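**Student:** what's the 3D shape of this:
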Amino acid sequence: MAETVQQIRSALEQYPEPYLRQTLQEAGALRDVRLKGREIVAEVELGFPIGGYEAQFRAALAAHLADSGLKGLELQVQLRGGIVPHSVQRPLKPIPGVGNIIAVASGKGGVGKSTVAVNLALAWAGAGARVGILDADIYGPSQPLMLGLSGQRPTAPDGKHLEPLVAHGIKAMSIGFLVDPAQAVVWRGPMVTQALQQLLGQTNWKDVDYLVIDMPPGTGDIQLTLAQQVPVTGVIIVTTPQDIALIDAKKGLKMFEKVNVPILGVVENMAIHVCSNCGHAEHIFGAGGAEKMAQQYEIDVLGSLPLDIRIREQTDAGQPTVVAEPDGEIARTYKAIARRVAVKIAEKAKDMSLKMPTIKVLNT
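**Tutor:** Have a look, this model is predicted:
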C-alpha cells in the first residue's frame with residue numbers, strides 16, 4: 001500500500017521527544033512533511049540548541065517511523081534549533097547583550113557547584129549557543145583556574161566596559177581576573193554587591209544567548225542582590241545526596257522561591273563513586289537525596305553526576321570534562337542536563353511580568 005503524506009505526518013507527530021517530554025504534535029515542532037518517492041523530508045524545529053543531538057534525534061525518529069509500520073522509507077530530517085530570549089521582570093531592565101541569565105547555586109560550599117556551572121556553559125556552547133559565564137563568588141573565584149585563564153587580565157578599550165576573556169568558546173568574567181589571586185578579598189557586603197553589579201553590567205557580553213552565573217554558596221547579600229536587581233531567567237540548585245548538603249540546598253531553594261526566581265531543577269553531584277581499580281560502586285554521600293528534595297518541592301532532578309577523579313583533574317588543568325572528554329559518559333551527562341535546562345527555559349512564559357517583592361531587614 002502506498003503511504004500518503006498524511007499517514008506519515010500522523011506517525012511522525014506521535015513521536016515522543018524525550019527532552020521536550022511531549023510528542024512533536026503537542027510541541028508544534030513538526031513544520032513540514034514532504035514525500036518524494038520513497039524518501040520522506042521532515043522539517044523539525046526544536047526550541048533548544050541542537051548541536052551534537054542531530055544524529056541521535058534522526059535515528060530515534062527513523063526507528064519510531066519503522067515501529068509505526070511505515071517501513072522501507074528513507075527519512076531525511078531537516079532539524080533546526082532555537083533559543084528564545086525572555087522578557088525581564090518588571091521593573092528590572094535587561095542586561096545589554098544578554099538573552100537569558102541562569103544562576104547556578106547551592107546553599108553549601110564544596111558540592112561542586114562551580115564545576116557544574118562551567119561544564120553546563122561549555123555544553124551549551126558546544127551545542128551551538130553563544131555563552132558567557134560570570135564568576136559571582138567574589139571571595140573565592142574559581143572560574144579563572146577552571147577555564148585555564150589564571151593570570152590573564154581583561155581590557156577596557158573604551159574605558160567604561162570590560163572585554164570578557166574567552167576560553168573554549170565561552171566568554172568569562174571574574175573578580176579573579178582583576179585582583180591578585182594570592183590576596184584575600186576583604187570586603188563588606190555593600191562592596192561585594194557593587195562589584196557584582198559592575199562585573200555584570202559593565203562587561204561587554206556582545207549578544208550571548210545564555211549567561212551562566214556561578215553563585216557563591218549561601219543565602220546572603222549576593223544572592224539577594226541577584227534576585228532583586230538582576231533579571232534571572234531561572235536557577236539551578238546543585239547538591240550532593242548528603243543530608244547536611246540537602247539541608248542547605250533547601251534553604252537556598254526557598255530563598256529563591258521567596259523572591260520569585262523560577263527554580264529550573266536540581267543537579268545531584270557526587271552521587272556515586274566507582275572504584276577505578278576494581279569497579280566497585282558505592283554511594284559515599286548517601287543515595288536518593290535529590291529525588292526526595294525534588295518530590296518535596298515539586299521540581300525536577302535534572303541529572304546525577306558521579307564522584308570521579310577525572311572531573312577534578314580536568315577542571316584543575318583548565319580543561320573541564322565537556323571539552324577534555326567530549327564523547328565520554330560524564331560529558332554526555334552534562335550535555336543532557338544542559339538540554340533539559342534549555343527546554344525548560346524555552347517552555348517558560350516569554351513575559352515574566354511579575355513584580356519582584358521588596359525585602360526589608362528590620363531591627364527587632
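
**Student:** can you map out the helices along the stretch 201-350 of the chain?
**Tutor:** Applying DSSP state H, counting those that start in this stretch to the stretch 201-350 of the chain gives helices spanning 221-229, 243-258, 289-297, 309-316, 321-324, 329-347.

**Student:** measure residue 251 to residue 288 for me?
**Tutor:** Distance check for residue 251 against residue 288: by C-beta to C-beta, to the nearest Å, it reads 20 Å. Every C-beta, even on glycine, is put in place using the N, C-alpha and C of the backbone.

**Student:** quickly, which of the helices of the stretch 201-350 of the chain bottoms out on average pLDDT?
**Tutor:** Among these, helix 221-229 carries the lowest mean pLDDT, a mean of 75.

**Student:** now do that helix against helix 243-258, angle only.
**Tutor:** 30 degrees (axes from the mean of the first three to the mean of the last three C-alpha atoms, to 10 degrees).

**Student:** just checking, what packs against helix 221-229?
**Tutor:** Judged by 3 or more C-beta pairs under 8 Å, 6 or more residues apart in numbering; DSSP states H and E, helix 221-229 is in contact with helix 189-201, helix 243-258.

**Student:** from the middle of its chain, how far away would that helix be?
**Tutor:** A distance of 19 Å separates the C-alpha centroid of helix 221-229 from that of its chain, computed with C-alpha atoms, centre = their mean, to the nearest Å.

**Student:** now stretch 328-337
**Tutor:** Distance, stretch centre to chain centre, for stretch 328-337: 12 Å (C-alpha atoms, centre = their mean).

**Student:** ok, stretch 67-76 next?
**Tutor:** Using C-alpha atoms, centre = their mean, the distance from the centre of stretch 67-76 to the centre of the chain it belongs to is 35 Å.

**Student:** what's the closest of the helices and strands packed on helix 221-229 to residue 113?
**Tutor:** Closest approach to residue 113 among these (C-beta to C-beta): helix 243-258, 9.9 Å.

**Student:** now do the buried residues in the closest one.
**Tutor:** By 16 or more other C-beta atoms under 10 Å, the buried positions in helix 243-258 come out as 245-246, 248-250, 252-253, 255-256.

**Student:** now the strands for the stretch 101-250 of the chain?
**Tutor:** Using DSSP state E, counting those that start in this stretch, the strands found in the stretch 101-250 of the chain span residues 131-135, 165-167, 170-174, 208-214, 234-239.

**Student:** can you give the strand pairings for the first one, parallel or anti for each?
**Tutor:** Read that as strand 131-135. Pairing partners of strand 131-135, with direction, according to DSSP bridges: strand 170-174 (parallel), strand 208-214 (parallel).

**Student:** what residues does that strand touch?
**Tutor:** Applying C-beta atoms under 8 Å, 6 or more residues apart in numbering, the external contacts of strand 131-135 come out as 98, 114, 117-118, 121-122, 124-125, 141-144, 147, 164, 169-176, 199-200, 203, 205, 208-214.

**Student:** could you rerun that using 7 Å?
**Tutor:** For strand 131-135, contacts defined as C-beta atoms under 7 Å, 6 or more residues apart in numbering pick out 117-118, 121, 124-125, 141-143, 164, 170-176, 199-200, 205, 208-214.

**Student:** over to the second one?
**Tutor:** Contacts made with strand 165-167 from outside it, assessed by C-beta under 7 Å, 6+ apart, are listed as 147-149, 152, 154, 172, 177.

**Student:** name the member of the residues you listed with the most neighbours.
**Tutor:** Of all those, the highest neighbour tally under other C-beta atoms under 10 Å goes to residue 172, namely 28 neighbours.

**Student:** does that residue touch residue 147 like I think?
**Tutor:** Yes: under the criterion of C-beta atoms under 7 Å, residue 172 makes contact with residue 147 at 5.5 Å.

**Student:** who touches both of these two?
**Tutor:** Contacts common to residue 172 and residue 147, judged by C-beta under 7 Å, 6+ apart, are absent.

**Student:** buried residues in stretch 316-332?
**Tutor:** By neighbour count on 16+ other C-beta under 10 Å, the buried set for stretch 316-332 is 318-325, 330-331.

**Student:** what about that stretch, how long is it end to end?
**Tutor:** 20 Å (C-alpha to C-alpha, to the nearest Å).

**Student:** which secondary element of this protein has the worst mean pLDDT?
**Tutor:** The weakest-scoring helix or strand in the chain, judged by mean pLDDT, DSSP states H and E, is helix 221-229 (a mean of 75).

**Student:** compute the inter-axis angle for that one and helix 189-201.
**Tutor:** Our comparison of helix 221-229 with helix 189-201, counting by the same axes, to 10 degrees, yields an angle of 50 degrees.

**Student:** C-alpha coordinates for helix 221-229, CSV please?
**Tutor:** Output of helix 221-229 as CSV, limited to C-alpha atoms (Å, rounded to 0.1, in the frame of the first residue of the first chain):
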residue,chain,number,x,y,z
ASP,A,221,24.0,39.7,50.1
ILE,A,222,25.0,38.5,46.6
GLN,A,223,22.0,36.1,46.3
LEU,A,224,19.6,38.8,47.4
THR,A,225,21.2,41.4,45.1
LEU,A,226,20.9,39.0,42.2
ALA,A,227,17.3,38.1,42.9
GLN,A,228,16.2,41.7,43.3
GLN,A,229,18.2,43.6,40.8
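
**Student:** contact partners of it?
**Tutor:** 92, 103, 136, 189, 192-193, 196-197, 213, 215-216, 232, 255-256, 259, 261, 356, 359.

**Student:** buried only: go through those residues for me.
**Tutor:** Restricting the contacts of helix 221-229 to buried positions leaves 92, 103, 136, 192-193, 196, 213, 215-216, 232, 255-256, 259, 261, 356, with burial counted as 16+ other C-beta under 10 Å.
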